[in-house]
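1. Fold the stuff below for me.
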Amino acid sequence: IDESELNDVLVKLYSSIQKERVQHSGLQVLEENSRNKETIRKLFLSRLYREFDLPKETDTISRDYGISFAGDLFQGAVVKLDLLGDASKVEGDFESIQSKIVSIFKQSLNPYCCEILYFQDHSILYFGVNFESRHRKHVADALKLFFEYAKNYTELFAGLKITVGIGNGYPSVAELKKSLDEAKYAIYCRITMGVDRIFWHSKLPANSVHLERNTLFQQLRKDFDLMDVADYQKCMANLFSTLAFYPRELVELCIEIADLFFECNRRLGNEIEDEDYQRFSIHQGILNAVSLTQLRDHMVDSVSQIMVKQLDAIKKKNAKPVREAIRFIKEHYNEHLDLERVAEAINFNPVYISNVFKKETGENFIDYVNKYRIEVAKELLRTSNDNINRISNSVGFNDSKYFAKLFRKYVGLKPSEYRNIYG
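-> Numbers count the residues shown, from 1 in each chain. Just a heads-up that it's a prediction; the model follows:
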């Protein structure tokens, strides 16, 4: 082989390979840029829905997020996919199914919209569209067409159901959050009206129900504090009876009640195993319920099971008189407390309470009371603007100097130092 001829061939091969590498690298960069732009657009709608502080000027939005709102109307749509029965085969394809739904939405709405944004939150897809008001009817027809196409597609998968909620159109991007809320509230109607439907918020009845929210939440807070499973279940039965025809209000209340349950446990210092996962599971169960019965059973069973576990843990940790003494302390910590008063309130002998309290908690009565008062004071120092004297009085210490001394003993800092660091 001629050496110079071989070198020429190798040079040409090298040049060809380098050229292909550059072209491939360029395509990768374009694909990466495209993915980044889509991610930024998703981020905008997600942040808007979750009420982050976003720019209101369209020029700033266009510059920061690459979104150009040329239309004068903004409208939200929410798509909920539900897996019913044995839909295990669908679960593995769920992400690709959602991607197809997004593609169908864009294809249906593209001819009439200036911008189409979306983001995904588990089994829910949120869409925001911007269009000119002259296309309002076209957009409504396109949304109906999207639902038909999407429904036909989901019917290919056994056990997969789709529900679409449509909010009202508004003249400013800031009101897109309101439209998305309306669309989400609309899909809650499926628990009484069924799945595989499209719900327009503007066509839903505007009925409202009178509910004594304060009374309800006071009772629930008491049930959670005392771990009264039977009364909690009774409260939920009454609630579902009252709101049987108000699914939107019912779903929102269930979410609030679940949050209240975890808040009460945290305030009382009750540890829940895998708390974040438990909270997430309860929230998802609420959002995934497709009937009143399913929603009621989920709320009663999931919370009751945790309460029963908490009761078992408490029983192992505290004997009954000690539990009652602790409850009395937590209810009256801001008053004058001594062992005799607590013993009288729970109908036990003071000497017996003193012995069993030390045995079950590892602390004597006075130390426990003082530590609990200091914990409450720490919370007030972090979250309120009350002066230290007022906080001292509010947690049961009449002498602010004695309060400061005890605070430093248990916390290692003066109250003022603690507020400066953690307030």
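2. On the three-state scheme, F69 is what?
-> Under DSSP: H, G, I helix; E, B strand; the rest coil, F69 falls in the coil class.
3. Help me confirm that it comes into contact with T58.
-> Yes. When contacts are counted by Cβ atoms under 8 Å, F69 is listed as touching T58 (4.9 Å). C-betas here are computed from N, CA, C, even on glycine.
4. shared neighbours, these two?
-> Common contacts of F69 and T58 (Cβ atoms under 8 Å, 6 or more residues apart in numbering): V173.
5. Have a look at the two and say which one is more surrounded.
-> A direct count of neighbours by other Cβ atoms under 10 Å for F69 and T58 places F69 higher, at 19 against 15.
6. for that one, what are its contacts?
-> Residues in contact with F69 (Cβ under 8 Å, 6+ apart) are T58, I61, S62, C114, E115, N130, V173.
7. Could you rerun that using 6 Å?
-> T58, E115, N130 (Cβ atoms under 6 Å, 6 or more residues apart in numbering).
8. again, but for D259
-> So D259 contacts nothing (Cβ under 6 Å, 6+ apart).
9. Equivalent analysis for F157, please.
-> V90.
10. Assign it to one of the three secondary structure states.
-> Assignment for F157 (three-state DSSP): coil.
11. Equivalent analysis for G128, please.
-> strand.
12. ditto for N347
-> Applying three-state DSSP to N347 yields a three-state assignment of coil.
13. Could you report the pLDDT at the residue nearest to Y65 when sequence neighbours are not counted?
-> Sequence neighbours aside, F44 is the residue nearest to Y65 in space, at 4.4 Å (criterion: Cβ to Cβ, 6 or more residues apart in numbering). Looking at F44, its pLDDT reads 90.
14. which element is the residue nearest to the spatial centre of the chain on?
-> Nearest to the geometric centre of the chain sits H283, at 6.8 Å (Cα atoms, centre = their mean). H283 is part of helix 275-288, with elements assigned from DSSP states H and E.
15. Might you calculate how far that helix sits from the centre of the chain?
-> For helix 275-288, the gap between its own C-alpha mean and the chain's C-alpha mean amounts to 8 Å (Cα atoms, centre = their mean, to the nearest Å).
16. Any regions of the stretch 301-423 of the chain where pLDDT drops low?
-> 314-319 (pLDDT under 70).
17. what about the helices in the stretch 1-150 of the chain?
-> Along the stretch 1-150 of the chain, counting by DSSP state H, counting those that start in this stretch, helices occupy 3-49, 58-65, 88-91, 94-109, 136-154.
18. now these in CSV, with distance to L287?
-> Below are the helices of the stretch 1-150 of the chain laid out as CSV (distance: least, Cβ to Cβ, whole Å):
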stretch, distance to L287
helix 3-49, 15
helix 58-65, 27
helix 88-91, 16
helix 94-109, 15
helix 136-154, 18
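19. Quick one: closest of these to M307.
-> Distance to M307, taken as Cβ to Cβ, is lowest for helix 88-91 among those, at 29.9 Å.
20. how much space between the residue nearest to F407 when sequence neighbours are not counted and V322?
-> Sequence neighbours aside, P415 is the residue nearest to F407 in space, at 5.1 Å (criterion: Cβ to Cβ, 6+ apart). For P415, the distance to V322 (Cβ to Cβ, to the nearest Å) stands at 29 Å.
21. Please apply the same query to E344.
-> Using Cβ to Cβ, E344 is found at 16 Å from V322.
22. If you count surrounding residues, which of those two has more?
-> V322 (21 against 12).
23. Give me the pLDDT for the residue nearest to the centre of the chain.
-> Taking H283 on its own, its pLDDT is 95.
24. what's the answer for Q28, then?
-> Here the pLDDT value assigned to Q28 is 53.
25. Kindly report the same for the one 4 residues further on.
-> Confidence at E32, expressed as pLDDT, is 57.
26. what does K234 give?
-> Looking at K234, its pLDDT reads 95.
27. With L109 instead?
-> 97.
28. which residues does it contact?
-> Contacts for L109 (Cβ under 6 Å, 6+ apart) come out as I116, V129, A142.
29. Give me the nearest residue to it, chain neighbours excluded.
-> Using Cβ to Cβ, 6+ apart, the closest residue to L109 is A142 (5.1 Å).
30. contacting residues around that neighbour?
-> A142 makes contact with S108, L109, Y112, according to Cβ under 6 Å, 6+ apart.
31. quick one on the thing from earlier: any idea how far the residue nearest to F407 is from V376?
-> 12 Å.
32. Looking at these two, which is more packed in?
-> For P415 and V376, the more surrounded residue by other Cβ under 10 Å is P415, and the numbers stand at 23 against 18.
33. just for the stretch 51-200 of the chain, where's the confidence low?
-> Scanning the stretch 51-200 of the chain for pLDDT under 70 picks out 86-89, 91.
34. One more pass at 90, please.
-> For the stretch 51-200 of the chain, the stretches with pLDDT under 90 are 51-68, 83-95, 122-123, 157-159, 174.
35. List of residues touching stretch 405-423?
-> N370, I374, L381, R382, I388, A404.
36. Ok, stretch 51-66 next?
-> The contact list for stretch 51-66 (Cβ under 6 Å, 6+ apart) reads K37, I40, F44, R47, L48, I67, S68, F69.
37. could you measure the fourth one against I162, distance?
-> Think R47. For R47, the distance to I162 - Cβ to Cβ - is 26 Å.
38. These two: who's more crowded?
-> Each of R47 and I162 has its neighbours counted (other Cβ under 10 Å); I162 has more, 24 against 14.
39. What degree of burial does the nearest residue to that one once chain neighbours are set aside show, as a neighbour count?
-> The shortest distance from I162 to any non-neighbouring residue, by Cβ to Cβ, 6+ apart, is to T154 (4.7 Å). A total of 20 residues lie near T154 under the criterion other Cβ under 10 Å.
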